[in-house]
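> with the input below, show me the fold.
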Amino acid sequence: MLKRLLPLLILALGVVAFVWLRATRPESASVTPEERSWRVETLVADPGRHAPTLPLYGEITAPEMLTVVAPLAGRIAERPVRDGQRVARGDLLVALDEADVRPPLRQAEADVADRRAQLKNEQIRHESDLATLARERELLATARRQWERTRALEERNLASQADLDAARNELARARVTVASRERAIAEHPARLERLQAGLSRAQAGLAAAQRDAERSRVEAPFDGIVTRIRVAPGDQVAARSELLSVYPQEGLELRARIPQRYQDELLDALAEGRRLEATAEQGARFVLVGLAGQSDPAGTEAIFDLETSESGLRPGSLLAVSLARPAVPDSLPVPDSALYGNDTLYLKDEAGRMRGLTVTRHGEVVRADGERWTLVSNASIGEGDRVITTHLPNAIQGLLVESVDAGDDDDDTRGRP
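Alright, predicted model coming up:
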């Protein structure tokens, strides 16, 4: 009997022990799943007026560059300057040999003297014709009277036919002489006009020769720099051939091509009288003064005046500059890492979640440390908002984020431009 009950007793003791152990086990803490947060850097928004910059690449030009040409063919007698030399106003640049300059001048002077002599001779001839005409008319009247007397005598058979023919011939010769003299007098104004025209032509040739003689010795018309020297002393040059060039030390320009989409903006700014500056890395400063009159599909050349002096720039130099475009109100510079695509950035709201905004891009701005940030604007960005500058690959609306150091507000402002 005992052997039959022992297994049941052991089983009952095991059940009781299991129930007691289960009843006395410690309660385990309940586990609640937590949302993951992403650590990001932020900057405190401070919207204001900021001028976006436009990087340009242009060429230095000298619009007032003067090219000296030979006024006539000749030999170079002097050229005391060298390429790149600075000259003062009045300094000699180049001179032709006087032996080549004097003969054309003397010939022109002789032509003028000859024309004046011809005019004087014509006047004397005209006065002589007037005096001779009076005497020839007297001879004509005498010949007419002689012919009339001879005809009367011939009718009375007191003169022969030969005498009458001789008288008639003498009268005809007198008439021809008077007519020839009258024609010469009538042609005097035309001859005089022709001679005066010849004198004017000779005087013009003399003026040209005098001009060429003066230009055969060229002095610097302003303080400038010599360049493009083509000749040396002793060279034989042809008329109108280039000798050298000189450009003023002041007045250099920069010509850079402006993309088509910025032209209206810059023209409006110029029309309003706003000052737009462009700066180069070496410190040269330029001011936009206008756009070129012609354009092409790639854009239009913008013309900038150089304001700084002693910049070391020379015509033909290629230069990279940054043009400050018109300022944009209520705009904010942000680093490129803050932007998603072309027009989206995220703010950190009061709940620590990402809030996306669509912004308008206005270009780039250059910070004091030389970094280039993108200038954006959106009316919803207010002063003190925190812009997330860490680029998250899984950025979505409402994503939970926390600052790199949530307890230190200075960390949120270290990206402030």
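> where does residue 384 sit: helix, strand or coil?
Put simply, residue 384 is coil when judged by DSSP: H, G, I helix; E, B strand; the rest coil.
> do residue 132 as well
Classified using three-state DSSP, residue 132 is helix.
> residues touching residue 361, list them.
Contact partners of residue 361, counting by CB atoms under 8 Å, 6 or more residues apart in numbering, are 342-343, 374-376. In short, each C-beta sits where N, CA and C put it, glycine included.
> quick one: which of these is nearest residue 50?
residue 375 (5.5 Å; CB to CB).
> quick check, pLDDT for the closest one.
pLDDT recorded at residue 375 is 91.
> quick one on the thing from earlier: please produce TSV containing the contacts of residue 361, extended by secondary structure.
Converted to TSV, the contacts of residue 361 look like this (three-state DSSP):
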residue	secondary structure
342	coil
343	coil
374	strand
375	strand
376	strand
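> now for those, which sits with the most neighbours around it?
Of all these, residue 376 has the most neighbours under the rule other CB atoms under 10 Å, reaching 26 neighbours.
> need the helix or strand of the protein with the lowest average pLDDT.
The weakest-scoring helix or strand in the chain, judged by mean pLDDT, DSSP states H and E, is helix 410-413 (a mean of 41).
> any idea how many residues pack against residue 239?
Neighbours around residue 239, by other CB under 10 Å: 11.
> correction: the previous question concerned residue 168.
Using other CB under 10 Å, residue 168 has 15 neighbouring residues.
> ok so, going back, out of the contacts of residue 361, which comes closest to residue 351?
Nearest to residue 351 among those: residue 376, at 23.5 Å, using CB to CB.
> dihedrals phi and psi, residue 318?
With angles defined as degrees, to the nearest 10, residue 318 sits at phi -100, psi 130.
> who does it bridge with?
residue 59 (DSSP bridges).
> and residue 302, by the same measure?
Here residue 302, judged by DSSP bridges, has bridge partners residue 256, residue 291.
> pretty sure it sits against residue 291.
Yes. Checked against CB atoms under 8 Å, the pair residue 302 and residue 291 is within contact range at 5.6 Å.
> okay, those two: which has more neighbours?
Shown here are residue 302 and residue 291; by other CB under 10 Å, residue 302 has more neighbours (26 against 17).
> quick one: that one from residue 64, how far?
Distance of residue 302 to residue 64, given as CB to CB, to the nearest Å: 19 Å.
> quick one, grab the pLDDT at residue 416.
pLDDT for residue 416: 41.
> whoops, residue 105 was the one
93.
> list the contacts of it.
206, 209-210, 212-213.
> ok but it is inside a strand, no?
No. The assignment for residue 105, made by three-state DSSP, is helix rather than a strand.
> spatially central residue in this protein, please.
residue 303 (4.9 Å; CA atoms, centre = their mean).
> quick revisit: show the buried residues in the contacts of residue 105.
Buried members of these, scored by 16 or more other CB atoms under 10 Å, are 206, 209, 212-213.
> just the buried residues of stretch 341-352, please?
345-348.
> as TSV, the residues you listed with pLDDT, secondary structure and distance to residue 111 would be great.
TSV is the format used below for the buried residues of stretch 341-352 (pLDDT from 0 to 100; DSSP: H, G, I helix; E, B strand; the rest coil; distance: CB to CB, whole Å):
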residue	pLDDT	secondary structure	distance to residue 111
345	91	strand	84
346	92	strand	90
347	92	strand	90
348	90	strand	94
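> closest one to residue 185 out of those, please.
Lowest distance from residue 185 to the buried residues of stretch 341-352 (CB to CB) belongs to residue 345, with 102.2 Å.
> what's around residue 98, how many residues?
Neighbourhood size, residue 98 [other CB under 10 Å]: 12.
> can you list the domains in this protein?
As given by automatic domain parsing, the domain ranges for the chain are 38-48+328-413, 54-63+251-324, 66-97+215-245, 100-214.
> let's have these in a markdown table, adding distance to residue 12.
Shown next, in a markdown table, are those (distance: least, CB to CB, whole Å):
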| stretch | distance to residue 12 |
| --- | --- |
| domain 38-48+328-413 | 56 |
| domain 54-63+251-324 | 92 |
| domain 66-97+215-245 | 118 |
| domain 100-214 | 141 |
